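*Asks:* this one's structure only:
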């Protein structure tokens, strides 16, 4: 596409993007298509002849957009809500134009060095010690995979060359509320899903350190080798904080790798008033924090911090002749710190986000989200028949409608019905989890467009649905 | 950032992008910064107060851009050259505005279904049978990891739950010229690097099937379990094609998973005249093709095709309560086909690329790249003192300056000196590999801006450097 043609279309696209961002609140947040609708509207094969961009753009609006669930919508309160902020989008635009690959330093020095700089800025913002160095991966799933691969290499020094064959079984200890990516990483690493010990959580959904110690001792007695302890800094179901200090103590006592999954809540460590919840994470070997979750950076952008990055490099580096460069030893080749060779220029958007908002701006917005969630939780708690199901340390609220005199399964069905009814309105989108085996609705604030009025609207819709069912 | 502020900056950014793309040929292709230069120009920490976007954009131009190696440059002839084409960039812009996550169908039905549609379009374009279903990952490294995880599950049905402990050793068979991501995947999977059998290649750098059979038989005798045979459709060093039909025969005979790494050369299967080179890949279990390499799609976009996608799902699916949806069973949840939970809307840019160029347009451009490479190889071969070191099936040429009467180490040093000298000009960027232990220069055509004149320029610079040294 000649540059002038690109310029013309790109200006049109940018106007569409700005209009979209300005008007997204008018769209239904949850797509209303049925499975197969979008695919059915599209041809069976690529066109033989090229088509004008205008036709593609028209089809995007007519055929694709109705099938989009709008993560930008102020009423997106499901999963962990996120924001692709303006400066982040502008960074992505420039990255896509540069289309570079930061696999080795020389394949784009600026991308490698900016990644080192912005991950260090983030480290400093979150109050982690300077020993931690960060690399940016696409997702927390891969960040945790890489961290646990380094943990595996510590537990089994021979694994890099010889694999796990013939070695004593290993164990990764995580809360029963740990994210599924921990289990999937452990499976991928060849440790087997049974190698995940899901440690009991307390009534506030935090891993119980005494149970962790019991599990470690019992495993050691049986010859099972501890590989890693995974602490959750914000579990996915309730955003509960595992007692990181106590877990760090246990990890030190047993000489086990301590990994912290702070994919969602990590940015909240920027808040002095929340810092105490993170106490102990500075003693971890590895920490994952996703700026694409709650730090206003477009997907994908997951930082893996390591206190001894050489451990990561030892687990992964492998330089074939065709990737040798004369800077070996003088510069960082980021491909050495993980499996993925291809590396998009993800640092640019994070740099823009950190500068546009500033540390103060980021803290202000995180606080506002926490306040929205707490205010919502207070209203729920104050309303007869409704229960807040978990503490609200950040911006995520778990709650249920629990009218008296109904059996538990009926209450589950009722809550599912309420959630589905609310989601059908298109005004808000809520998701759910299970707590103590019971269906529980979640409301998570993480989008910069979410206003108090929108959270009020969610509450009104919930009450209406409960009354109607 | 309010939408109107975004609009203003985005128009500015788009003009910068168009100017950049129009003028990239005037910039030095390889960044001229020294290690640490870019980082040294940036502050130690994020600003406390937010900054205006104009300041960030100015710093991007002044401090970052000089450290960028320009993968868009017509003289980028290193590694595998790539193109982030206009329609692809426009797709990325829209994706970054939507900022959706296609982890489950309902989290954005259109993203899931468009991914199914465009991977099927690509399958059809490449002449693969309809049984193959595709998913888009970020990189070939992760695509191959996922494929080999499924292969591991076939070889060891108990691995998902119990891991590899206590099981007989396994082996993955690949050419001695297989990409390093195969070794890194095998290491990550806990099989150990020793589990990769690097099978000898012939004089044209293609795996020797008889040696593969010997290795399999010898391993089976020793109780080592075959996990996968990996065929390279375009090795990284020379773009040589393993004899895929013969490898498929061996895989069938021994009942072993057959994976094809066609990350670079896969798109060439769209050319009827090249289709014969791919014969046999339709019998693979899994194939990786990267549209972000030689199909004009911005990084990252790697398609993993599987003939039995349920094998991939069996290896990876694991649905926690907070990700259960009412569409389970009626729609595809793409998170089930790999480790990464987060999934950017990568299908959109590929859809735009396929439609903008059309199948014919893609074929025309691939052919033009192959012709540029072959014409270059012919000139090298016809020039005394110069040698083409490998066949040129596609758009990559390996060659050396080999003046008579020099010892091999001197010739290596000479070629390295020539390459460095040429790269210092900023007009072209070449990389190297080792063939038969000898330093070999590579020239790879993959950028849509590369003209015959630019390849001529590379040849002139090479000859000048050789004459000067």
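*Replies:* Yes, it's here. Being a predicted model, the structure only gives us computed values, none of them experimental.
*Asks:* what does the stretch 151-300 of chain A put close to chain B?
*Replies:* A:152, A:158-170, A:179-181, A:183-185, A:187-195, A:236-237, A:292, A:298-300 (CB under 8 Å from any CB of the partner chain). C-betas here are computed from N, CA, C, even on glycine.
*Asks:* run the last query once more with 6 Å
*Replies:* A:160-165, A:169, A:180-181, A:183-184, A:187-195, A:236-237, A:298-300 (CB under 6 Å from any CB of the partner chain).
*Asks:* so which strand or helix has residue A:378?
*Replies:* With the criterion set as DSSP states H and E, the secondary-structure element containing residue A:378 is helix A:347-381.
*Asks:* past that helix, which element shows up next along the chain?
*Replies:* For helix A:347-381, the following helix or strand on the C-terminal side (DSSP H and E) is strand A:386-388.
*Asks:* which other residues reach the helix or strand just after that following strand?
*Replies:* Counting by DSSP H and E, the next helix or strand C-terminal to strand A:386-388 is strand A:396-401. Strand A:396-401 is touched from outside by A:238-239, A:373, A:376-377, A:380, A:386-390, A:415, A:418, A:440-444, A:466, with contacts defined as CB atoms under 6 Å, 6 or more residues apart in numbering or on different chains.
*Asks:* quick check: most distant residue from the centroid of chain A.
*Replies:* Here the centre of chain A is the reference, and by CA atoms, centre = their mean the most remote residue is residue A:49, at 40.5 Å.
*Asks:* quickly note the distance from that one to residue A:144.
*Replies:* Computed with CB to CB, to the nearest Å, the distance linking residue A:49 and residue A:144 is 46 Å.
*Asks:* show me where chain A has strands.
*Replies:* A:133-137, A:170-175, A:196-199, A:225-232, A:257-261, A:286-289, A:302-306, A:386-388, A:396-401, A:431-435, A:438-444 (DSSP state E).
*Asks:* most tightly packed of the ones you listed?
*Replies:* strand A:286-289 (a mean of 30; mean count of other CB atoms under 10 Å in any protein chain shown).
*Asks:* how long is stretch A:54-73 end to end?
*Replies:* End-to-end distance of stretch A:54-73: 26 Å, with CA to CA, to the nearest Å as the criterion.
*Asks:* buried stuff in it?
*Replies:* Judged by neighbour count (16 or more other CB atoms under 10 Å in any protein chain shown), stretch A:54-73 contains these buried residues: A:56-57, A:59-60, A:63-73.
*Asks:* same thing with stretch A:256-276?
*Replies:* For stretch A:256-276, a neighbour-count test (16+ other CB under 10 Å) marks A:256-271, A:274 as buried.
*Asks:* one step back: for the helix holding residue A:378, packing partners?
*Replies:* If you count contacts as 3 or more CB pairs under 6 Å, 6 or more residues apart in numbering or on different chains; DSSP states H and E, helix A:347-381 packs onto helix A:86-98, helix A:109-125, strand A:386-388, strand A:396-401, helix A:452-468.
*Asks:* need these in JSON lines (columns: mean pLDDT).
*Replies:* Converted to JSON lines, these look like this (pLDDT from 0 to 100):
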{"stretch": "helix A:86-98", "mean pLDDT": "98"}
{"stretch": "helix A:109-125", "mean pLDDT": "98"}
{"stretch": "strand A:386-388", "mean pLDDT": "98"}
{"stretch": "strand A:396-401", "mean pLDDT": "98"}
{"stretch": "helix A:452-468", "mean pLDDT": "97"}
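*Asks:* export these to TSV and tack on distance to residue A:331?
*Replies:* Conversion of these to TSV gives the following (distance: least, CB to CB, whole Å):
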stretch	distance to residue A:331
helix A:86-98	19
helix A:109-125	7
strand A:386-388	51
strand A:396-401	41
helix A:452-468	47
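*Asks:* contacting residues for residue A:288?
*Replies:* If you count contacts by CB under 6 Å, 6+ apart, residue A:288 has them with A:140, A:143, A:144, A:261, A:263, A:304.
*Asks:* and for residue A:216?
*Replies:* Going by CB under 6 Å, 6+ apart, residue A:216 touches A:226, A:254.
*Asks:* could you rerun that using 10 Å?
*Replies:* Residue A:216 makes contacts with A:171, A:173, A:197, A:199, A:224, A:226, A:229, A:250, A:251, A:253, A:254, A:256, as judged by CB atoms under 10 Å, 6 or more residues apart in numbering or on different chains.
*Asks:* and these as CSV, adding pLDDT?
*Replies:* Written out in CSV, the entries for those read as follows (pLDDT from 0 to 100):
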residue, pLDDT
A:171, 98
A:173, 98
A:197, 98
A:199, 98
A:224, 98
A:226, 98
A:229, 98
A:250, 98
A:251, 98
A:253, 98
A:254, 98
A:256, 98
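*Asks:* next, the residue lying closest to residue A:59 once chain neighbours are set aside: phi, psi?
*Replies:* In space, and not counting its chain neighbours, residue A:59 is closest to residue A:42: 7.9 Å by CB to CB, 6 or more residues apart in numbering or on different chains. As for residue A:42, its main-chain torsions (degrees, to the nearest 10) stand at phi -110, psi 150.
*Asks:* confidence score at residue A:42?
*Replies:* Here, the pLDDT recorded for residue A:42 equals 96.
*Asks:* correct me, but residue A:155 touches residue A:228?
*Replies:* Yes. The pair residue A:155 and residue A:228 passes the contact test of CB atoms under 10 Å, sitting 7.8 Å apart.
*Asks:* can you work out which residues contact both of those two?
*Replies:* By CB under 10 Å, 6+ apart, the residues touching both residue A:155 and residue A:228 are A:170, A:171, A:172, A:191, A:256, A:257.
*Asks:* contacts only, for residue A:77.
*Replies:* Each residue near residue A:77 by CB under 10 Å, 6+ apart is listed here: A:29, A:372-373, A:376, A:395-397, A:422, A:428-431, A:441-447, A:450, A:454-455, A:458.
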